[in-house]
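just coords:
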């Protein structure tokens, strides 16, 4: 009997790269992600604005630095929390976490992204050092120019591929990997595998995502700009902000041309316009974030990372073993140095003690004397010089 049941779709059902990335355009429907990103931007503005105002009033310029630092921290953890929500959405589980849960999870895991970036920079630095050593070898007379013929193109290809992969694969996909729950070393292993096997597909996906995000941003900009121009012109005619027309007249109401209650309308219009443009900026941000999550899911869907993770763990174990051996060797050398110092310190002390004992014992020796009159005599005297007694 034939089974007519339909299999459940995967977490991210993808018929094609383009079809899957079109799902990113619906990111604005995720109300939790939209609200959290808006709250994040608002918190950044309030934090930076209030501390900067306090710094200008009190003259404590350290508050400017603190305002910048706190703004970066709020933006970092808030945007990562939004990424967690959109990763769940891309996997087909938009209700997996609430806003509070996403923020707490971001506070607990987002630092992994910093670890990934640090390790990636160390990898780049290691490759640059190797290339520098190779170029230094090329300074050898006669043989150097011959080696440089091959070192130059190989180094150019290696460094170019590394930088290209770093900016267009490693850094963009590191955040979705962390949002998916991977550890630092798992992210490194996964992204190295993606670079080797899915580099072209990732680049094409990011290009398509860029086109989708740019097109949506263009549509939103046109809607906001045209709508704002029409509304501001109608406001000038009905409410009245000055003699100039269009957006220029609305803006002039905030200056010397505005009188009476019109200034309140101008301020309200500017605040409302700022909020409108902020909301317009939120939607492309959400589309790009969900799209990059889909790119990550597409590029890692059919890959097996177990071998790459085992190789990475093996290399890490080797590094740890060598580091432990170096520590043990350092401990042995320190113990030997300490024992040597103790021996060198004890030798002069024994000499000093022996000399003191000799100095004390020397005065205690009895000088020879005549047995008859007890006068002092020399050891080789035959007769006592005092009483004439025969000594020998």
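Ah, there it is. Keep in mind that what you see is a predicted model, and the values were worked out from it rather than measured.

show me where pLDDT drops low in the stretch 201-350 of the chain?
240-267, 271, 305-326, 328-331, 333-334, 337-338, 340-350 (pLDDT under 70).

show me where it has strands.
With DSSP state E, counting those that start in this stretch, there are no strands along the stretch 201-350 of the chain.

Let's check: the centremost residue of this protein is which one?
Note on the chain: the residue nearest the mean C-alpha position is residue 114, at 2.5 Å, using C-alpha atoms, centre = their mean.

what helix or strand is that residue on?
Using DSSP states H and E, residue 114 maps to helix 111-137.

What is the helix or strand that that helix is followed by packed up against?
Next along the chain after helix 111-137, taking DSSP H and E as the criterion, comes helix 143-165. Applying 3 or more C-beta pairs under 8 Å, 6 or more residues apart in numbering; DSSP states H and E, one finds that helix 143-165 contacts helix 111-137. (Each C-beta comes from the backbone N, C-alpha and C, glycine too.)

What are the phi and psi values at residue 95?
phi -100, psi 20 (degrees, to the nearest 10).

neighbours of the residue lying closest to it once chain neighbours are set aside, just the number please.
Nearest in space to residue 95, with sequence neighbours left out and distances taken as C-beta to C-beta, 6 or more residues apart in numbering, is residue 88 at 7.8 Å. For residue 88, the count of nearby residues is 22 (other C-beta atoms under 10 Å).

Contacts only, for residue 88.
The neighbourhood of residue 88, defined by C-beta atoms under 8 Å, 6 or more residues apart in numbering, consists of 94-97.

tell me which of the residues you listed is nearest to residue 284?
residue 94 (19.4 Å; C-beta to C-beta).

does the closest one count as helix, strand or coil?
When classified by DSSP: H, G, I helix; E, B strand; the rest coil, residue 94 comes out as coil.

quick one: pLDDT of it?
In this model, residue 94 is scored at 79, pLDDT.

Could I get the phi/psi values of residue 369?
phi -140, psi 160.

ditto for the one 3 residues further on
Summarising the backbone geometry of residue 372 under the convention degrees, to the nearest 10, its torsions are phi -90, psi -50.

Can you tell me how far residue 49 is from residue 71?
9 Å (C-beta to C-beta, to the nearest Å).

more neighbours, those two?
residue 71 (19 against 12).

With adjacent residues omitted, what lies nearest to residue 299?
Nearest to residue 299 is residue 198, by C-beta to C-beta, 6+ apart, at 4.4 Å.

Same question for residue 47.
Nearest non-adjacent residue to residue 47 (C-beta to C-beta, 6+ apart): residue 70, at 5.0 Å.

now that neighbour: how far from residue 380?
100 Å.

Could you pull up the residues touching the spatially closest residue to residue 86 that is not a sequence neighbour?
Among residues not flanking residue 86 along the chain, residue 290 sits closest, at 4.3 Å (C-beta to C-beta, 6+ apart). Contact analysis of residue 290 by C-beta under 8 Å, 6+ apart lists 23-24, 27, 30, 33, 86, 89-90.

State the pair within these that is farthest apart.
Once C-beta to C-beta is applied, these give 23 and 33 as the farthest pair, at 13.7 Å.

who has more neighbours, the two?
Applying other C-beta under 10 Å to residue 23 and residue 33 shows that residue 33 carries more neighbours, namely 27 against 19.

rewinding a little: buried set for the helix holding residue 114?
112-113, 115-117, 119-120, 131, 134 (16 or more other C-beta atoms under 10 Å).

with these in mind, which one is nearest to residue 44?
Distances from residue 44 to the buried residues of helix 111-137, taken by C-beta to C-beta, are shortest for residue 113, at 18.0 Å.

thought the closest one was touching residue 174?
Yes. Using C-beta atoms under 8 Å, residue 113 is in contact with residue 174, at 6.0 Å.
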